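# The following comprises the amino acid sequence and a computationally predicted model.
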Amino acid sequence: IFTTFSIARIPLAFLVPAGHGGAEALQNLVEGAVLGTYRFNRYLTSDDAKKPCQVETVVLVSDGKKPTAAQARGIDAALRRGQVVAATINRARDLVNEPAAVITPVALAAEAEAIAKRHKTVTVKVLGPKQCAELGMGMFLAVGQGSEQESRFIHLTYKPAKPAKKKLKRVALIGKGVTFDSGGYSLKPSSSMEDMKVDMSGAAAVISAMDALAQLDCPHEVHAIAACCENLVSGRAYKLGDVLKSMDGTTVEINNTDAEGRLTLGDAITYARTKVEPDEMFDFATLTGACMVALGPHTAGVMSDHDSLARSWMSAAHRAGEDMWRLPLNPRLREQLK
């Protein structure tokens with residue numbers, strides 16, 4: 001028996017054939033066991049809904065010889081990595097599943113601050129509307145100005161405790177953080193608005209990822225950036241025909257207030273590009289339902305004009321069991337992108 005870890009009430013055993021898949025397979029097995037038992041039933045009131053998952057313990061059993069000390073260390077590391085990754089994924093799921101009245105921009109900032117407090121290798125900077133205005137984030141601030149909930153711009157920084165002997169990559173993870181998206185004055189119909197509490201999923205993903213990176217002693221410097229706000233209608237809300245000035249100085253005329261994601265992310269990307277200067281930059285966003293029209297509800301669309309980076313990303317997605325599909329982003333689309 002390699003190890004056990006507790007989930008809920010009854011034991012479940014997996015036979016792991018010796019030499020099959022190695023550490024990565026063990027990690028995936030642990031992730032599957034933890035993620036597969038995830039439930040968000042905090043607000044359900046029926047007795048059946050409140051029952052915990054039936055699985056109490058997962059036991060991994062090998063049909064091979066007793067592992068050497070080095071193999072045992074590798075096994076322990078894989079099992080721990082699987083548990084850490086799955087736990088942080090589940091935390092991101094919790095943030096996404098909570099109502100928008102609970103997960104506000106301020107609440108996401110508090111989540112980021114709690115992660116920084118837990119880890120010496122993580123620091124956090126949270127900017128309010130005044131600091132964002134000083135940086136010239138006219139697009140981001142416009143999206144959130146119709147809400148009574150103040151916007152927050154979150155910047156988490158992870159730096160490894162032991163700097164590498166050779167220079168490694170500096171990576172920026174940018175997440176869309178619209179905690180509720182009504183569409184603004186380009187109002188969504190009710191059927192399209194009812195799940196718009198999930199429009200901060202990108203922010204939940206990148207903020208939670210920093211907790212895992214710190215626990216697993218990632219060797220790279222990683223920055224997580226989330227521009228968090230609500231897109232609501234009020235007398236203060238931005239309107240069609242408004243002309244906004246972005247952080248990089250570009251002016252933008254609004255012809256659809258439900259195209260708010262590209263506004264918030266535009267300023268977030270400029271911030272990352274100028275303040276962080278990363279070697280690689282990844283943007284995570286629930287940007288448009290058109291992606292589900294193209295790929296269905298289970299496949300994430302991937303867009304990049306950097307072929308080698310995109311290939312590395314797609315390879316990582318395959319290893320992790322994430323269903324993704326690369327969409328075209330070639331020079332012939334440049335005029336349409338404008």
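Here it is on my side, so go on. Numbering: from 1, shown residues only.
# Where do the strands of the stretch 1-150 of the chain begin and end?
3-16, 55-62, 122-127 (DSSP state E, counting those that start in this stretch).
# and the ones you listed as JSON lines, adding distance to Gly136 and mean neighbour count?
For the C-beta atoms, the positions are set from N, CA and C on the backbone; glycine is no exception. As requested, these are exported to JSON lines (distance: least, CB to CB, whole Å; neighbours: other CB atoms under 10 Å):
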{"stretch": "strand 3-16", "distance to Gly136": "48", "mean neighbour count": "13"}
{"stretch": "strand 55-62", "distance to Gly136": "51", "mean neighbour count": "16"}
{"stretch": "strand 122-127", "distance to Gly136": "12", "mean neighbour count": "18"}
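# Of all these, which one comes closest to Thr88?
strand 122-127 (12.8 Å; CB to CB).
# Which neighbouring elements make contact with the closest one?
Where contact means 3 or more CB pairs under 8 Å, 6 or more residues apart in numbering; DSSP states H and E, strand 122-127 is packed against helix 105-118, strand 152-158.
# Give me the residues contacting that strand.
109, 112-113, 115-116, 135, 152-159, 210, 214 (CB atoms under 8 Å, 6 or more residues apart in numbering).
# Can you list the strands that it pairs with?
strand 152-158 (antiparallel) (DSSP bridges).
# Tell me which of the strands of the stretch 1-150 of the chain lies nearest to Arg81.
strand 3-16 (12.7 Å).
# I'd like the strands of the stretch 1-150 of the chain as JSON lines, with distance to Asp195 and mean pLDDT appended.
Below are those laid out as JSON lines (distance: least, CB to CB, whole Å; pLDDT from 0 to 100):
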{"stretch": "strand 3-16", "distance to Asp195": "28", "mean pLDDT": "64"}
{"stretch": "strand 55-62", "distance to Asp195": "28", "mean pLDDT": "78"}
{"stretch": "strand 122-127", "distance to Asp195": "27", "mean pLDDT": "98"}
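# can you put the ones you listed in TSV and add distance to Gly184?
Putting those into TSV (distance: least, CB to CB, whole Å) gives the following:
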stretch	distance to Gly184
strand 3-16	42
strand 55-62	44
strand 122-127	22
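# for those, which one sits closest to Ile174?
Closest among the strands of the stretch 1-150 of the chain, using CB to CB: strand 122-127, at 14.6 Å.
# and the angle from the closest one to helix 105-118?
Put simply, strand 122-127 runs at 150 degrees to helix 105-118, going by axes from the mean of the first three to the mean of the last three CA atoms, to 10 degrees.
# Return the alpha-carbon coordinates of strand 122-127 using PDB.
Coordinates of each C-alpha in strand 122-127 appear next as PDB, following Å, rounded to 0.1, in the frame of the first residue of the first chain:
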ATOM      1  CA  VAL A 122       3.700  35.400  -2.300                       C
ATOM      2  CA  THR A 123       3.000  39.100  -2.100                       C
ATOM      3  CA  VAL A 124      -0.100  41.000  -3.100                       C
ATOM      4  CA  LYS A 125      -1.000  44.500  -4.300                       C
ATOM      5  CA  VAL A 126      -4.600  45.500  -4.500                       C
ATOM      6  CA  LEU A 127      -5.500  48.700  -6.300                       C
END
